[in-house]
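Asker: Kindly return the folded structure for what I paste below:
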Amino acid sequence: MSGASFLSGSFYSWGKGTHEKPRATDIIEYSSPKMILEQKSIIHVSFGVNHVMLLDRHSSLYAYGEGTLGCLGFGDGRKRFAPMIV
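Answerer: Numbering: from 1, shown residues only. All right, here's what the predicted structure looks like:
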């Protein structure tokens, strides 16, 4: 599960996150939110089965999670554990 604080523009994530873990080195589930992006003016969040897309107010698109079948938009099929600008 994930969420955004639209007042601060920060993005938080929590839960199991098999592909979109709150932190790349995590092996545990989080029952409380962990900050993923701080003060990036996130205005929209979209979730796939194994990936997350974030849009900021400057039209930058961030993506992370499982990258197979082009779901992240990078074209290389690689998994991303941290949000990267597409």
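
Asker: which SS class is Phe81?
Answerer: strand (DSSP: H, G, I helix; E, B strand; the rest coil).

Asker: How much space separates it from Arg57?
Answerer: Distance, Phe81 to Arg57, using Cβ to Cβ, to the nearest Å: 25 Å. Any C-beta I mention is one placed from the backbone N, CA and C, and that applies to glycine too.

Asker: quick one, which of those two is more surrounded?
Answerer: Just comparing Phe81 and Arg57: by other Cβ atoms under 10 Å the higher neighbour count belongs to Phe81, 16 against 11.

Asker: Give me the pLDDT value at the more buried one.
Answerer: pLDDT recorded at Phe81 is 82.

Asker: so how far is Asn50 from it?
Answerer: Taking Cβ to Cβ, one finds Phe81 at 12 Å from Asn50.

Asker: what does Asp56 give?
Answerer: Counting by Cβ to Cβ - Asp56 and Asn50 are separated by 22 Å.

Asker: what's the answer for Ala63, then?
Answerer: 12 Å.

Asker: So for the two, which residue has more residues nearby?
Answerer: Neighbour count, other Cβ under 10 Å: between Ala63 and Asn50, Ala63 has more, with 21 against 16.

Asker: list the contacts for the more buried one?
Answerer: 51-54, 72-74, 80, 83-84, 86 (Cβ atoms under 8 Å, 6 or more residues apart in numbering).

Asker: Just give the closest residue to it, not the sequence neighbours.
Answerer: Leu72 (4.2 Å; Cβ to Cβ, 6 or more residues apart in numbering).

Asker: host element of the one you found?
Answerer: Secondary structure from DSSP states H and E places Leu72 outside every helix and strand.

Asker: Also the one 5 residues further on?
Answerer: Assignment of secondary structure by DSSP H and E places Gly77 within no helix or strand.

Asker: pretty sure it is touching Gly67, no?
Answerer: Yes - using Cβ atoms under 8 Å, Gly77 is in contact with Gly67, at 5.2 Å.

Asker: Looking only at neighbour counts, state which of these two leads.
Answerer: Gly67 (20 against 12).

Asker: Brilliant, that's me finished.
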